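**Student:** Have a look; sequence and predicted model below, questions after that.
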Amino acid sequence: MPQTPPKLVILDRDGVVNLDSDQFIKTPDEWIAIEGSLEAIASLNQAGYRVVIVSNQSGIGRGLFEMSALNAMHEKMHKALAHLGGRVDAVFFCPHTAADGCDCRKPKPGMLEQLAERFGVELKGVPLVGDSLRDLEAGVAVACAPHLVLTGKGRETLAKGGLPAGTLVHDDLRAFARWLLTGDGAPRLAAS
């Protein structure tokens, strides 16, 4: 009998939950939620889903911002979610640069393996929502179901192609949540 995936959704942060910037998001003032993203997380929570963020944060390794700034950004996110009756159960982040050769920086699956261990779950079939190829590749490496949103770098990622087989494409996190919870707004299957 096939195992049902846990009621868990894994999200990238920048470009999925909040606006992204090529200059990095370095302060709480620069952390601005994408319209409807926090409401989407709250609706997932209210339907019994745990939501976890898995995010590369190489700005720390590059010396662009300190750990305290990252904590302040996440505090802002947690407070805004709480006002909507939502929450993020955990935030996993990689502070390393590509040159560090770590196992946690996406597209490597290290953070997802840590998440599976910490939560005691199998990730097979768990939706992973990202706006870049490296997000989706990390998810597929641990058997997550890949979902691309067209916010952040999503449109550029879709245009480049080469997405993992079975990637579903949604306009934004709100559209993904609506599809997951109600089946409305059928996503497109990306050409691989």
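**Tutor:** Noted; the coordinates are in hand. Residues are numbered from 1 along each chain as shown.

**Student:** okay, and the helix or strand of the protein with the least pLDDT?
**Tutor:** Within the chain, no helix or strand scores below strand 188-189, which has a mean of 75 by mean pLDDT, DSSP states H and E.

**Student:** What is it packed up against?
**Tutor:** Judged by 3 or more Cβ pairs under 8 Å, 6 or more residues apart in numbering; DSSP states H and E, strand 188-189 is in contact with strand 168-170. For every residue, glycine as well, the C-beta is placed using N, CA and C.

**Student:** Count the residues that sit near residue 134.
**Tutor:** 17 (other Cβ atoms under 10 Å).

**Student:** now do residue 51
**Tutor:** Neighbours around residue 51, by other Cβ under 10 Å: 23.

**Student:** Next up, the contacts around it.
**Tutor:** For residue 51, the contacting residues are 8-11, 41, 44-45, 86-89, by Cβ atoms under 8 Å, 6 or more residues apart in numbering.

**Student:** Need the phi and psi values for it.
**Tutor:** Dihedral pair for residue 51: phi -120, psi 130, per degrees, to the nearest 10.

**Student:** The longest helix belonging to the chain: which residues count as buried?
**Tutor:** For the chain, the longest helix by residue count, based on DSSP state H, is helix 67-83. Of the residues in helix 67-83, 69-70, 72-74, 76-77, 80-81 count as buried by neighbour count, 16 or more other Cβ atoms under 10 Å.

**Student:** Quick one: the strands in the chain, in order.
**Tutor:** All strands of the chain, identified by DSSP state E, fall at 8-11, 50-56, 90-94, 127-130, 145-149, 168-170, 188-189.

**Student:** which residues make contact with the first one from outside it?
**Tutor:** By Cβ under 8 Å, 6+ apart, the residues outside strand 8-11 that reach it are 17, 41, 44, 49-54, 112, 115, 119, 121, 123, 126-130, 139, 144, 173, 180.

**Student:** rerun at 7 Å
**Tutor:** Contact with strand 8-11 is made by 17, 44, 49-54, 121, 126-129, 139, 144, as judged by Cβ atoms under 7 Å, 6 or more residues apart in numbering.

**Student:** shouldn't residue 32 be in contact with residue 18?
**Tutor:** Yes - using Cβ atoms under 7 Å, residue 32 is in contact with residue 18, at 5.9 Å.

**Student:** More neighbours: the two, which one.
**Tutor:** Of the pair residue 32 and residue 18, residue 18 is the one with more neighbours under other Cβ under 10 Å, namely 22 against 13.

**Student:** Near the nearest residue to residue 163 once chain neighbours are set aside, how many other residues are there?
**Tutor:** Once flanking residues are discounted, residue 163 sits nearest to residue 190: 4.4 Å by Cβ to Cβ, 6 or more residues apart in numbering. By the criterion of other Cβ under 10 Å, residue 190 has 20 neighbours.

**Student:** No further queries at this time; thank you.
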